[in-house]
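1. any chance you can model this:
(chains A and B)
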Amino acid sequence: MNNLKSNNNSVNKGALAQKLFMYIALAIFVLVVIIPFYWLMKASVSTPEQLVEIPPLLFPKPVLDNFQTLATQLPLTQYLLNSIIFSGVTALATVFCCFLAAYAFARIPCPGSSFLLWALVITMALPEIATIIPLYRMLGAMHLLDSLTGLIFVMTSVLTPFTVWVFIPFIKQIPISIEEAAVVDGANLWTILWRIYLPVMTPAIVTMMIINFVNAWNNLLYPLTFSVTAKSKCMSVAITEVFQTEVPWGQPWHLVSALGVVMVIPVLVLILSSQRAVVRGLTHGAVK
Amino acid sequence: MHQNKRKAILVFAILVAPVILLRLATAAYPIGQTIWLSMTDTHLFESEHAFVGLDNYRNLFADPEFRSILGFSLVFIVASTLLEIFFGLLIASLLNTKFKGRFLARTINLLPWAIPTIVAAYAFQWLLDDQFGMFSHWISQFTGMRPSVMSSALNARITLILVNVWKNASFMAIIFLAGLQGVPQELYEAARVDGAGPLTRFFKITIPMLMPLLITMGMFFLIWQLTNFDLVYGLTSGGPGTATTIVPLNIFHEGLIFFKFGYASAISVILMVFVAVLGLVGVWQFRRFDY
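-> Numbers count the residues shown, from 1 in each chain, chains lettered A, B, ... in the order given. Below you'll find the model as predicted:
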C-alpha cells in the first residue's frame, strides 16, 4: 500500500515536471515568434529620434507620424491599389481556371490525363528565378512589362499547379451519383459545374483564394523585376525602395516598419479570420 | 459510344486548356528559352549575340566565387531543412498537447508563415542592427560586447539560416501537426500504460508514424529552399562580399543587375538540374514508402 502511494507520488511529480517543461517551451516559442513582430510594430509608431536611443525604448508613446510621412512621400494609395488588384485578380483567375481543370482531371476519363497532371504538378518545383529572364523578354515583346496585366498573367500561372493539386481530391470526394442523376435529368456540363460542384466546393475555393491572394500579395520577385513605374509597382517593391533611401543612421527603419505593418495587416486579417480553413487547405495535399 | 468518347476528350481539352496554356507560356517555353540562352553570350544592351556552346558553364565552374556560392547554397538548404524538421516536430508536438490557450498558440504559429518574407527580412535586419537593435543591446548587456551579426561571413551565414528557420519552421509545424492528429491516440495510451516516458513515446511512436511525412516534407523543403530569393535579398543582400549569396540571388545579380542574360541563364539551368535531381530522389522516396 505504502509502496503504491509513493509510486503514485513520483508519477505525479513526473507529470508536473513535464507540464512545467511544456509551459517553458511554449513561452520560449511564443516569445521567439512575437519579438520580431513587436519590434516592427514598435518602430512603426516611434519617431526616428526614439529609434536611436540607447538603451532601446521598449514602450514608446505611439505616434502615427510615420504613416502620414509615407502617404505624403510615396504614392501609397496607388501602390496599395496595385497590390490589391494584382493579388485579387490573380486569386480569382487562378481559382476559376483551376476549378475547371481539376474537374476535368478528376472526372473526365481521357487518355494521357494522368501524364498531363503529373507534368503540371512537377512544374510546381520550378524556381521562379530560373525562368525570370525569358519571362522578362517575353513580357517585353508583348508590351506587358510594367503592367499589372503582365504581373497577373505570370503569377496566375505560377499558382495553378498547387491549386489544381488541392482541388482534385475535393472533387473526387463528391459522390459521382449526384452528377449522374443530374445528367439523367438533362443537365448540361455548365449546370453540373455551377449548380452541383461549385456550391459543394465553395469552402475549398474560398480557402485557395485566400492562400493565392496572400501568395501574390507577398510576392517580391515579379513586381521587383517587371515593374518600372508607380503604374504597376506593388507594396513589396515599395518597401524595398523605402529601405534603400539613406538616412544618417543607416536605414529609415521607422518608415520601413510602418510600411511593413501596412503590408502585414491585410495578410493577418485574411489568414486569421479563416485559420481553420486555410490550415485544412494547406495540409490537404500533404497529409492523407 | 465512339462519339461520346471523342466528345469527352474535347470537353477535357477545353476545361484544362487555360491552365495548360498558361503553364506552356510561362513555364515550358521559358525553360527551353533559358537552356538556349545559356549557350549564348546574350546581353541586354548588345544587339549581337553568338552561340558559345558550353563556354558559360565552363567559365562558371572555373570561377571560385561561383563554386563557393554553390557550396553555401547546399549548406543553406541542408542546414535549414534539418533545423526546420527539428523545430517543426518540436512545435507540432507542443501544439498537439492539451493546454489552455492552445488555439491561440496555434494561431501564433501561423504568423511567421503568413507574413511577407521581405517584411520579415527587414524586421530581423532591424532587430539585429548592431547599434540600435534590441538583440545586440541584450547581448551587450550580458557580455559587454556588441556583436556585429552581419559583418563577418560566418555570423551572417548563421544568421541567415536561423532567420530562414524562423520563417519556415512554422509551415513545417502546420503540416506535422496535421500528421500528428492522424496518429491514433490509443498508441500513446498503450505506451503510457506500459510505462513509456514522453521521450520514448516521441521516438518510438511519433517519429516512426510521421516518417513518410518527414521525408516528403524534407525533400519538398530542400527544393523549396533552393528557390529562396526574398529573404537573402532583404536580410543580407548576399553579403558581406558574396558570403551569403545563394544561387537565386546570384542569378538576379548577373541577369537583372548586370544584364548578362546568357551567363545568368547558365546558372538558371544549373539550378534547374539541381531541382530536378532532388525531385527525382523525392519521387523515388515517395514510392519506397508507398505513401
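2. is the longest helix seen in chain A positioned near chain B?
-> Identified as the longest helix of chain A according to DSSP state H is helix A:2-44. Yes: for helix A:2-44 and chain B, the contact criterion (CB under 8 Å from any CB of the partner chain) is met by A:14, A:18, A:22-23, A:25-26, A:29-30, A:32-37, A:39-40, A:43. In this view, the C-beta of every residue, glycine as well, is placed from N, C-alpha and C.
3. buried ones among these?
-> Taking 16 or more other CB atoms under 10 Å in any protein chain shown as the criterion, what is buried in the residues of helix A:2-44 next to chain B is A:L26, A:F29, A:V33, A:P36, A:F37, A:W39, A:L40, A:A43.
4. tell me the confidence at the fifth one?
-> Confidence at A:F37, expressed as pLDDT, is 91.
5. which element is residue 216 on?
-> Went with chain A since none was named. With secondary structure defined by DSSP states H and E, A:A216 is part of helix A:198-218.
6. actually, chain B is the one I wanted.
-> If you go by DSSP H and E, B:T216 is part of helix B:207-226.
7. burial check on A:Q73, number of neighbours?
-> 12 (other CB atoms under 10 Å in any protein chain shown).
8. how about the helices in chain B?
-> Using DSSP H, helices in chain B cover B:2-23, B:29-37, B:55-62, B:64-96, B:102-114, B:117-127, B:134-143, B:153-181, B:185-193, B:198-201, B:207-226, B:230-235, B:247-251, B:261-288.
9. quick one: low-confidence ranges for the chain?
-> Let's take chain A. Across chain A, residues meeting the criterion (pLDDT under 70) sit at A:1-11, A:284-288.
10. chain B, not that one
-> Residues of chain B meeting the criterion pLDDT under 70: B:1-2, B:147, B:286-291.
11. now for the residue positioned nearest the centre of it: which residues touch it?
-> Centroid check for chain B by CA atoms, centre = their mean gives B:Q225 as the closest residue, at 1.7 Å. Shown in contact with B:Q225 (CB atoms under 8 Å, 6 or more residues apart in numbering or on different chains): B:F76, B:I77, B:S80, B:T81, B:N164, B:N168.
12. ok, so of those residues, who is nearest A:A125?
-> B:I77 (13.2 Å; CB to CB).
13. which elements pack onto the following helix or strand past the helix holding A:A216?
-> Once helix A:198-218 ends, the next helix or strand along the chain (criterion: DSSP H and E) is helix A:221-226. Where contact means 3 or more CB pairs under 8 Å, 6 or more residues apart in numbering or on different chains; DSSP states H and E, helix A:221-226 is packed against helix A:132-141, helix A:148-173, helix A:235-244.
14. can you redo the ones you listed as TSV with distance to A:S113 and mean neighbour count?
-> Output for the helices and strands packed on helix A:221-226, formatted as TSV (distance: least, CB to CB, whole Å; neighbours: other CB atoms under 10 Å in any protein chain shown):
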stretch	distance to A:S113	mean neighbour count
helix A:132-141	28	21
helix A:148-173	11	22
helix A:235-244	37	21
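15. among the buried ones among the residues of helix A:2-44 next to chain B, which one lies nearest to A:P62?
-> Closest to A:P62, out of all of those and judged by CB to CB, is A:A43, at 10.9 Å.
16. spit out the contact partners of the closest one.
-> A:L51, A:W253, A:H254, A:V256, A:S257, A:A258, B:W126 are the contacts of A:A43 under CB under 8 Å, 6+ apart.
17. let's see that with 7 Å instead.
-> A:L51, A:W253, A:H254, A:S257, B:W126 (CB atoms under 7 Å, 6 or more residues apart in numbering or on different chains).
18. neighbour count added to those residues, as a markdown table?
-> A markdown table is the format used below for the contacts of A:A43 (neighbours: other CB atoms under 10 Å in any protein chain shown):
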| residue | neighbour count |
| --- | --- |
| A:L51 | 20 |
| A:W253 | 30 |
| A:H254 | 26 |
| A:S257 | 26 |
| B:W126 | 25 |
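19. now, the most widely separated pair of the residues you listed?
-> Greatest spacing in the contacts of A:A43, by CB to CB: A:H254 and B:W126 (9.8 Å).
20. make CSV out of the helices of chain B and add distance to A:K61.
-> Putting those into CSV (distance: least, CB to CB, whole Å) gives the following:
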stretch, distance to A:K61
helix B:2-23, 51
helix B:29-37, 52
helix B:55-62, 55
helix B:64-96, 35
helix B:102-114, 25
helix B:117-127, 20
helix B:134-143, 18
helix B:153-181, 29
helix B:185-193, 50
helix B:198-201, 46
helix B:207-226, 41
helix B:230-235, 29
helix B:247-251, 39
helix B:261-288, 49
